[in-house]
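Engineer: Using only what follows, build the 3D model:
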Amino acid sequence: MLTLEHFKKFKAKAEFIKILKEHKTEEQVADLLKTVDYEIELKKLQAELVDLQQWVAKYKKRVCVIFEGRDAAGKGSSIRRFIEHLNPRSMRVVALTKPTDVEKGQWYFRRYIKKMPNPGEIVFFDRSWYNRAVVEPVMGFCSEEDYDKFMVQVPEFEHMLYEDGIVLIKFWFSISKEEQIKRFNSRLESPLKRWKFSPVDQEGQKRWDDYTYYKEQMFSKTHTTFSPWIIIKTNIKKEARLESMRYVLSKFKYENKGNSGTTLLPDPNIVQRYHRMIKQID
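Structural biologist: Now for the predicted structure:
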């Protein structure tokens, strides 16, 4: 058993981990070790992201990372880990609200174009133009004509971004129906998270199969060689955060890459391109 004396002995994290490993007979200790290992790995990957951002700023690159997925899949919490130590002067998070009356009368992509990265900048989209591919048709927020027009235009729109030099990374955070309801219940029980739960979330569970249909339509029509969909299995949140970071880092040849000493290749059991998915969890 761990006692107070054990905790008094260590002066550094490495010593603390050693003591824990000598007494990892209890389940709680094993869980704590996992958390410690996660935090160590997270800091290494965040250091790599700092190096990536400096390279992006130095060479005036434009990087756009979009996070899509069902409600409670962990998009927002992953973005927070991505940006935790980045320079806010060359990084932005975009989370648009519903379009205004004026925006509804404009070309659908216009309000997203205005948020695209400037030279030397990384932009993270917490949901994106793909609202029209899944959420809007499922919830009746757009007409069938609007949906059909979007599905024809989106590959062309993304090809224009590609030709203009924007690096676009599209994540789909995949969560099972059972895990989603667990997270919904957790939100309702927590006064700090209750604001995240909305009637749309509740409808998402009821219309799970409709979401699945439109999600598959989206993948089949918008997964391209120049803009592929990257599926992240997110039933284990911490794994999803680390592996999505690894994927982004693996896509660039920035200066000082690998100095953190951790692997920058994502786990293929957690991160896969859409067309390589044998079985999806959502």
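
Engineer: So V63 belongs to a helix, correct?
Structural biologist: No - the assignment for V63 (DSSP: H, G, I helix; E, B strand; the rest coil) gives strand, which keeps it out of a helix.

Engineer: can you tell me which residues contact it?
Structural biologist: Counting by C-beta atoms under 8 Å, 6 or more residues apart in numbering, V63 makes contact with 56, 117, 121-123, 166-167, 169. The way it works is simple: take the backbone N, C-alpha and C, and place the C-beta from them, glycine included.

Engineer: Let me know the closest of those residues to G204.
Structural biologist: I169 (24.4 Å; C-beta to C-beta).

Engineer: Could you give the bridge partners of the closest one?
Structural biologist: As for beta bridges, I169 partners with V65 under DSSP bridges.

Engineer: what about stretch 77-89, distance to the chain center?
Structural biologist: 12 Å (C-alpha atoms, centre = their mean, to the nearest Å).

Engineer: And it, what's buried?
Structural biologist: 78-79, 81-83, 86 (16 or more other C-beta atoms under 10 Å).

Engineer: Also stretch 106-117?
Structural biologist: 108-109, 111-112, 116-117.

Engineer: coming back round to it: okay, among the buried residues of stretch 77-89, which ones form the most distant pair?
Structural biologist: S78 and L86 (13.6 Å).

Engineer: which ones are touching L86?
Structural biologist: 49-50, 53, 122.

Engineer: for E158, that is, sorry about that
Structural biologist: Applying C-beta under 8 Å, 6+ apart, the residues near E158 are 168, 222, 224, 226-227.

Engineer: Switch those over to CSV; also include distance to T262, neighbour count and secondary structure.
Structural biologist: Listed next are these as CSV, based on distance: C-beta to C-beta, whole Å; neighbours: other C-beta atoms under 10 Å; DSSP: H, G, I helix; E, B strand; the rest coil:
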residue, distance to T262, neighbour count, secondary structure
L168, 25, 19, strand
T222, 32, 20, helix
T224, 31, 14, coil
F226, 29, 11, coil
S227, 28, 18, coil
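
Engineer: Show me which of those is closest to G261.
Structural biologist: Distances from G261 to these, taken by C-beta to C-beta, are shortest for L168, at 29.3 Å.

Engineer: now the closest one: how far from E84?
Structural biologist: 23 Å (C-beta to C-beta, to the nearest Å).

Engineer: do the same with K115
Structural biologist: 21 Å.

Engineer: so how far is stretch 260-277 off the chain centroid?
Structural biologist: The answer for stretch 260-277 is 13 Å, by C-alpha atoms, centre = their mean.

Engineer: Can I get the buried residues of stretch 106-117 in CSV including pLDDT, distance to T234 and secondary structure?
Structural biologist: What follows is those, written out as CSV (pLDDT from 0 to 100; distance: C-beta to C-beta, whole Å; DSSP: H, G, I helix; E, B strand; the rest coil):
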residue, pLDDT, distance to T234, secondary structure
Y108, 98, 27, coil
F109, 98, 27, coil
R111, 97, 27, helix
Y112, 98, 24, helix
M116, 98, 26, coil
P117, 98, 25, coil
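
Engineer: Farthest-apart pair in the contacts of L86, please.
Structural biologist: V50 and I122 (11.3 Å).

Engineer: Give me the more crowded residue out of the two.
Structural biologist: I122 (25 against 16; other C-beta atoms under 10 Å).

Engineer: tell me the SS of that one?
Structural biologist: Using three-state DSSP, the structure places I122 in strand.

Engineer: before we move on, what about I231?
Structural biologist: strand.

Engineer: any idea how far H275 is from it?
Structural biologist: For I231, the distance to H275 - C-beta to C-beta - is 10 Å.

Engineer: Next: Y108.
Structural biologist: On the measure of C-beta to C-beta, Y108 and H275 end up 26 Å apart.

Engineer: related to what we said a few turns ago, any idea which of the buried residues of stretch 77-89 is closest to D282?
Structural biologist: Distances from D282 to the buried residues of stretch 77-89, taken by C-beta to C-beta, are shortest for S78, at 16.0 Å.
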